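Asks: Dropping a prediction and its sequence here:
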Amino acid sequence: MSYFRAENLSLHFGGLKAVDAVSFAVEKGEILSIIGPNGAGKSSIFNLISRIYRPTSGRIFFEDQDITEQPPYDIAKLGIARTFQNIELFENATVLSNLLVGRHRHSTTQLWQELLFLPNVRANEKLHRRRVEQVIEFLDLEPYRDKLISGLPYGVRKVIELARALCSEPKLILLDEPSSGLNVEETDDMSFWIRDMRSELGITVLMVEHDMTLVNRVSDRVIALNYGRVLAMGSPAEVQQHPDVVAAYLGA
Ligand SMILES: Nc1ncnc2c1ncn2[C@@H]1O[C@H](COP(=O)(O)OP(=O)(O)OP(=O)(O)O)[C@@H](O)[C@H]1O
């Protein structure tokens, strides 16, 4: 049994097949990248996994559990986190506050307990802060801890978005174009974070990415999509040399 599995997944918008009978599996500890031209269906697959959309047909399994019908909040609880192509952070809050939001899935206290600030609330708060500090250290974000998001450069925000996803202690992370908007040096750093996430934190990675340098550097396997269908699957080199993939990128 695979760690994560999409089986015959389809998503139709009227007559448009954004995702068309896509099947793939991700093994525990693997870094798998999804590539493909604009409109190929990459983000739609992420939106199906995080339950922003319901599949027209097909099933999704995680750790041997059928999660196709799970509500979005439960997906996070099961240990699947994601980042977005367009960064989604609270602009007028500090980095630390944004990261504490990432701890939400581990909240065990009720609102009434929080209002009364009972001892278990304090203990919980301490645990959350400790975990957040670990992520801050892991991603070298100490200089930004108390800064407002609105004053930070794009490259740093991108790392903070990754940090927020890591604060939820995910088992599987979905990275939606982690290099978009980053310069060469920042993309280089991103490739190290992604590899370290796997080797040091044991996180399995499913990534949508356009930058082939990053894809080649971190991926164990690659899936190429076009018009919602799988064109090729295999090692980064195999997929990039596949004639259908070459044709799709050349617009043939
Ligand atoms: N909510 C929607 N309603 C209608 N069509 C949609 C919707 N979302 C996506 N599509 C269409 O589905 C297809 C796949 O889109 P998707 O965003 O998944 O592609 P993508 O591979 O992520 O593209 P990009 O690299 O540009 O982000 C496209 O033709 C897109 O226009």
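Replies: Now that the structure is in, tell me what you want to look at.
Asks: Would you map the strands across the stretch 1-150 of the chain?
Replies: 4-13, 16-26, 31-35, 57-62, 65-66, 80-82 (DSSP state E, counting those that start in this stretch).
Asks: Turn those strands into CSV, including mean neighbour count.
Replies: C-beta here means a position set from N, CA and C on the backbone, and glycine is covered the same way. CSV is the format used below for these (neighbours: other Cβ atoms under 10 Å):
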stretch, mean neighbour count
strand 4-13, 18
strand 16-26, 18
strand 31-35, 24
strand 57-62, 18
strand 65-66, 11
strand 80-82, 24
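Asks: Pipe those into TSV and attach distance to the ligand and mean pLDDT per row.
Replies: Compiled in TSV, the strands of the stretch 1-150 of the chain are given as follows (distance: least, Cβ to the nearest ligand atom, whole Å; pLDDT from 0 to 100):
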stretch	distance to the ligand	mean pLDDT
strand 4-13	4	97
strand 16-26	3	97
strand 31-35	8	97
strand 57-62	15	97
strand 65-66	23	96
strand 80-82	13	94
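Asks: Output the set of residues of the protein in proximity to the ligand.
Replies: Residues of the chain lying near the ligand by Cβ under 6 Å from any ligand atom: 13, 16, 18, 36, 38, 39, 40, 41, 42, 43, 44.
Asks: among the strands of the stretch 1-150 of the chain, which is nearest residue 89?
Replies: strand 80-82 (13.8 Å; Cβ to Cβ).
Asks: which helices and strands sit right next to the closest one?
Replies: In terms of contacts (3 or more Cβ pairs under 8 Å, 6 or more residues apart in numbering; DSSP states H and E), strand 80-82 is packed against helix 42-49, helix 154-167, strand 172-176.
Asks: related to what we said a few turns ago, mind checking the strands of the stretch 1-150 of the chain for the one nearest to residue 144?
Replies: Taking these one by one with Cβ to Cβ, strand 80-82 is closest: 20.3 Å.
Asks: quick one: contacts of the closest one?
Replies: Residues outside strand 80-82 that contact it (Cβ atoms under 8 Å, 6 or more residues apart in numbering): 46, 49-50, 62, 165-166, 168, 170-176.
Asks: can you do 10 Å?
Replies: 4, 46-47, 49-52, 60, 62-63, 67, 70, 72, 74-76, 102, 105, 161-162, 164-176, 203-204, 206 (Cβ atoms under 10 Å, 6 or more residues apart in numbering).
Asks: ok, so what distance separates the closest residue to residue 91 other than its chain neighbours from the ligand?
Replies: Excluding the flanking residues, the one nearest residue 91 by Cβ to Cβ, 6 or more residues apart in numbering is residue 150, at 4.5 Å. Distance, residue 150 to the ligand, by Cβ to the nearest ligand atom, to the nearest Å: 26 Å.
Asks: Residue 150 - how many residues pack around it?
Replies: A count of neighbours around residue 150, defined by other Cβ atoms under 10 Å, yields 11.
Asks: and what of residue 99?
Replies: Residues near residue 99, counting by other Cβ under 10 Å: 27.
Asks: Thought residue 131 was touching it, still the case?
Replies: Yes - if you go by Cβ atoms under 10 Å, residue 99 and residue 131 touch, sitting 9.1 Å apart.
Asks: Quick one: end-to-end length of stretch 172-180, please.
Replies: End-to-end distance of stretch 172-180 (Cα to Cα, to the nearest Å): 21 Å.
Asks: how about low-confidence regions in the stretch 1-150 of the chain?
Replies: Residues of the stretch 1-150 of the chain meeting the criterion pLDDT under 70: 104-123.
Asks: Pull out the buried residues from the contacts of strand 80-82.
Replies: Neighbour counting by 16 or more other Cβ atoms under 10 Å classes 4, 46-47, 49-51, 60, 62, 67, 70, 75-76, 102, 105, 161-162, 164-176, 203-204, 206 among the contacts of strand 80-82 as buried.
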